[in-house]
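In: no FASTA, just this:
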C-alpha cells in the first residue's frame, strides 16, 4: 500500500492504482475521455497544484534562491486548512490503498511534486518509491 509520486503521461506501474493529477490545467490537446487511457490521470485534483502565480515562479526559477522562494510560497499555499485536510486525507488513504499523485514536469527535482512528496511524507503517508 502507498502513494507514488509520478510524472503524468508516463507509463503506469503495475500496482499504481488510481492516478491523481495535481496540476493547475488539464493536458493540452487531449480529449477528456482519453486522460486515463493515455496515462495522464484518472482524477483531476487541482487543489494540490500551485496557484498560477506560484507555478510561474517555479517555472522561471533558475537559481537555488529562486527555487527556494518557489518552495516557500507553495508550502504556504499548502498550509491552508483546505490543503492540509486534503494532504491528511491522502496520507491516511495511502495506508489502505495504492494510488499516485503527479505533474507533467520532466524533472521532479524542479517540480512542485517534489515538495508534495515531502508534504505527504511529513503527514505520515506510506510512500512508494
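Out: Sure thing, it's come through. Because the structure is predicted, anything quoted here is derived from the model rather than measured.

In: Quick check: buried residues in stretch 70-86?
Out: 70-71, 73-74, 78, 83, 86 (16 or more other CB atoms under 10 Å). Where C-beta positions appear, they are placed from N, C-alpha and C, glycine not excepted.

In: Could you do stretch 39-51 as well?
Out: For stretch 39-51, by 16+ other CB under 10 Å, it's 39-42, 44, 48-50.

In: From one end of that stretch to the other, what's the distance?
Out: The first residue of stretch 39-51 is 24 Å away from its last residue (CA to CA, to the nearest Å).

In: show me the contacts for the residue nearest to residue 32 when sequence neighbours are not counted.
Out: Leaving aside its chain neighbours, residue 32 sits nearest to residue 26 (7.1 Å; criterion: CB to CB, 6 or more residues apart in numbering). By CB atoms under 8 Å, 6 or more residues apart in numbering, residue 26 lies in contact with 32, 35, 40, 44.

In: Show me these that map onto helices.
Out: In helices, judged by DSSP state H, none of these are found.

In: which among these gets closest to residue 3?
Out: Among the contacts of residue 26, residue 44 lies closest to residue 3 (CB to CB), at 16.7 Å.

In: where exactly do the helices run in the protein?
Out: Under DSSP H, the chain gives helices at 52-60, 64-77, 81-93, 112-122.

In: So for residue 20, which of the ones you listed sits nearest?
Out: Distance to residue 20, taken as CB to CB, is lowest for helix 81-93 among the helices of the chain, at 7.9 Å.

In: Just list what that closest one packs against, helices and strands only.
Out: Other elements packing on helix 81-93 under the criterion 3 or more CB pairs under 8 Å, 6 or more residues apart in numbering; DSSP states H and E are strand 2-7, strand 98-103, helix 112-122.

In: what's it in contact with?
Out: 3, 20, 45, 47-48, 77-78, 99, 101, 119-120, 123-125.

In: Please tell me how far it is from the chain's geometric centre.
Out: Mean C-alpha position of helix 81-93 versus that of the full chain (CA atoms, centre = their mean, to the nearest Å) differs by 13 Å.
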